[in-house]
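Asks: need coordinates for the below:
(2 chains)
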Amino acid sequence: MTTLALVQPTTIRRQAGFSTGSAPGSLSSAMHNDVNDETLMLRYQRGDGAAFDVLFHRYKDAIFRYLQRQCSHSMAEEVFQDVWMNLVQARHQFRIDGSSRFVTYLYRIAHNRLMDYFRQNSVQDRVFSSRDDDMDQFPSATPTLPDRALDTQRKVDLLLDLIDRLPADQRQAFLLREEGGLGIQEIADVTGVSRETAKSRLRYAFARLRDGMGEMT
Amino acid sequence: MSDNTPHGFDDKPDRLFDDYLDGKSDISQLYRQSRSRTLPDAIANKVLARARRELTAQPDAPGAAAAATVKTFRPDLQHRQGGDSTSINKSIYKSKVQPWAWALAASVLFAVAVYWTLPDLGSQISDSATRLARNENSEVGMTNRPPVKIADQTPGRANTADQDSVADSGEQVAQQQPSLAYLDSPSELTPPLRHNEPMVKQPSQAPVLAAPATKNTLPGSKPIPNNPPLAVAVPGTAEHSVAGHNPAPAINQTPPAMVADGDTDSTGKTQDNTPPSPAILAQPAQSSQRQPQASVAQATVNETPDSPNSEADDNADYSLNWMDQLALRAPQSDHVTQPTASHLAPDKWLEKIIQLHRQRQFKEAAADLAAFRKLYPHYHLPQWLQEAYPAPRQ
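Replies: As a prediction, the model looks like this:
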């Protein structure tokens, strides 16, 4: 049985932001590394380009994976550029009010742009078929695996395959949780649903993945 | 796993889900290990380049402002700076004037224009009103005998009476406008006042009496039905026309009886020997039914030799010029296009001739002017009218 380390949510968020590298080694970028996202965005609103570089390097990979898990690679690249261009052009609309965070703002843009692409192209990507209730079609991990002593890579591949087979809403909720480190309320805000709906989606997604992965705990 | 719920959830999965929300799930840890896919550097560089270009193009950026300054004052460095110069220059040359400033400037200009235009408009309106009143009263005067204005003309005071009537007319406009308006002589009317010109009556001038209608005729003379006001010769003084505007009449020694009787003959012949005097212009008002010869005869006065002809000429010229101006300003109406207006007073007739000319009715104007010249051969015509319609040589 694989033992996985337990991490804190703050660690998850930091890993979601910084795990894929930081800004290039310029002095201004290094000065921005310890600044939170909201401050960097406000600096970018005032014309500080280095702040945008830091923000971009914090979230570029997470956003790209969030998109790539829901559509094809080429489409993810195109949507990814649109997301950041939207952020650049609408940077003056960003306001810090209450508990809103920059990451929520960024993922809302990504979600909206992705929905727009689906709507414009009338394409449901490879995993965007409506298979909400076909849990029986999920591959059974247990019979195909020789034993529980699988290596991590195989488990990861299995997990990714299970994620691809998740219903779209549940996959979105799960990816927002894992890639963006968003809470249930933030997921609800990004996807435009109620908190209970978001929680239900996330709960179903987790259940299906857990069932697909088997008893790992 | 117990399946107490349709989805197979029981207390254990719920606890696992709570652990997942707390970041204690194995799935989350396993998913983090799957983050091997990263964004291609080409796409990252492309996005960064576009973001910087977008940021530089905005005028609020510090870098953009600096570049704009350089491009404003150092055009030789424009090629070194690069970037989108069009958007930067638009931000530079954007007008800083607020819209309310434009509105304020327009209001001030309008007020100044109104201030400089209103006096002229006021004078024009007063002229038009006076002239309209004259026209109305001239028509009324055909049946109703208006009061006669008797000027106590003494030798050497012709102009003073004239000036007095001019000065007095301003007061009579408000009080006795009909009687004033009846006086057809243009010199009796107040010339168009200049802006801010005071209307002051000179005390040294002879008074002008507005006699009632019952005293219109000469003592002992027969009242003439529908007779216009006559020139009254005050015994012992120089006889003068109605308002004393004829300081140099052309006709001498005309019997008063002829005037009273309205005799119409011999006026043209007697005038042949007299030099053409513009003072005839200030003849008394005529009834529309009265012949022009009679009006000329009525204007006959005994003139003293020392009459200030030169000043009278000046006044006549001034009156004529003013009349010309009035004729030019007069509104064009239909009733003035009648081919013959010989029943009118000479000045009114001349006005109508001028109006015909202004209306480009040259044939009618020429015909009327020829008739006018026959009746009033010595009437002083405007120079331009004489040139436009030269008199036929006899």
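Asks: if I pick B:Ala51, what's in contact with it?
Replies: B:Ala51 sits next to A:49, A:52, A:56, A:84-85, A:88 when contact means C-beta atoms under 8 Å, 6 or more residues apart in numbering or on different chains. For the C-beta atoms, the positions are set from N, CA and C on the backbone; glycine is no exception.
Asks: what's the most distant pair in these?
Replies: Farthest-apart pair in the contacts of B:Ala51 is A:Gly49 and A:Met85; separation 14.7 Å (C-beta to C-beta).
Asks: I'd say A:Thr104 and A:Ala188 touch.
Replies: No. Using C-beta atoms under 8 Å, A:Thr104 is not in contact with A:Ala188; the gap is 10.4 Å.
Asks: low pLDDT regions in chain A?
Replies: Applying pLDDT under 70 to chain A picks out residues A:1-33, A:98-99, A:122-150, A:215-217.
Asks: the nearest residue to A:Ala110 once chain neighbours are set aside is in what secondary structure piece?
Replies: Using C-beta to C-beta, 6 or more residues apart in numbering or on different chains and skipping the chain neighbours, the partner closest in space to A:Ala110 is A:Val83 (4.7 Å). Assessed by DSSP states H and E, A:Val83 sits inside helix A:73-89.
Asks: does A:Glu178 count as helix, strand or coil?
Replies: Under DSSP: H, G, I helix; E, B strand; the rest coil, A:Glu178 falls in the helix class.
Asks: leaving out the residues flanking it, which one is nearest to it?
Replies: B:Tyr31 (5.0 Å).
Asks: for A:Glu78, give its distance to chain B.
Replies: 9 Å (C-beta to the nearest C-beta, to the nearest Å).
Asks: how many neighbours does that residue have?
Replies: Residues within reach of A:Glu78, counting by other C-beta atoms under 10 Å in any protein chain shown, total 16.
Asks: which residues does it contact?
Replies: A:Tyr117.
Asks: for it, give its distance to A:Lys155.
Replies: As defined by C-beta to C-beta, to the nearest Å, A:Glu78 lies at a distance of 31 Å from A:Lys155.
Asks: hmm, back to that, the helix or strand encompassing the residue nearest to A:Glu178: what's the following helix or strand?
Replies: In this assignment (DSSP H and E), B:Tyr31 forms part of helix B:26-32. Next helix or strand after helix B:26-32 toward the C-terminus (DSSP H and E): helix B:41-57.
Asks: for that next one, which positions count as buried?
Replies: B:43-44, B:47-48, B:51-52, B:54-57 (16 or more other C-beta atoms under 10 Å in any protein chain shown).
Asks: cool, and stretch A:39-53?
Replies: Buried, per 16+ other C-beta under 10 Å, within stretch A:39-53: A:40-45, A:47-53.
Asks: so which of those are also by chain B?
Replies: Contacts with chain B are made by A:44, A:47, A:49, A:52-53 out of the buried residues of stretch A:39-53, judged by C-beta under 8 Å from any C-beta of the partner chain.
Asks: same list, the residues you listed, but as JSON lines with distance to B:Ser25 please.
Replies: Shown next, in JSON lines, are those (distance: C-beta to C-beta, whole Å):
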{"residue": "A:Tyr44", "distance to B:Ser25": "34"}
{"residue": "A:Gly47", "distance to B:Ser25": "42"}
{"residue": "A:Gly49", "distance to B:Ser25": "39"}
{"residue": "A:Phe52", "distance to B:Ser25": "34"}
{"residue": "A:Asp53", "distance to B:Ser25": "33"}
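Asks: cool, thanks, talk later.
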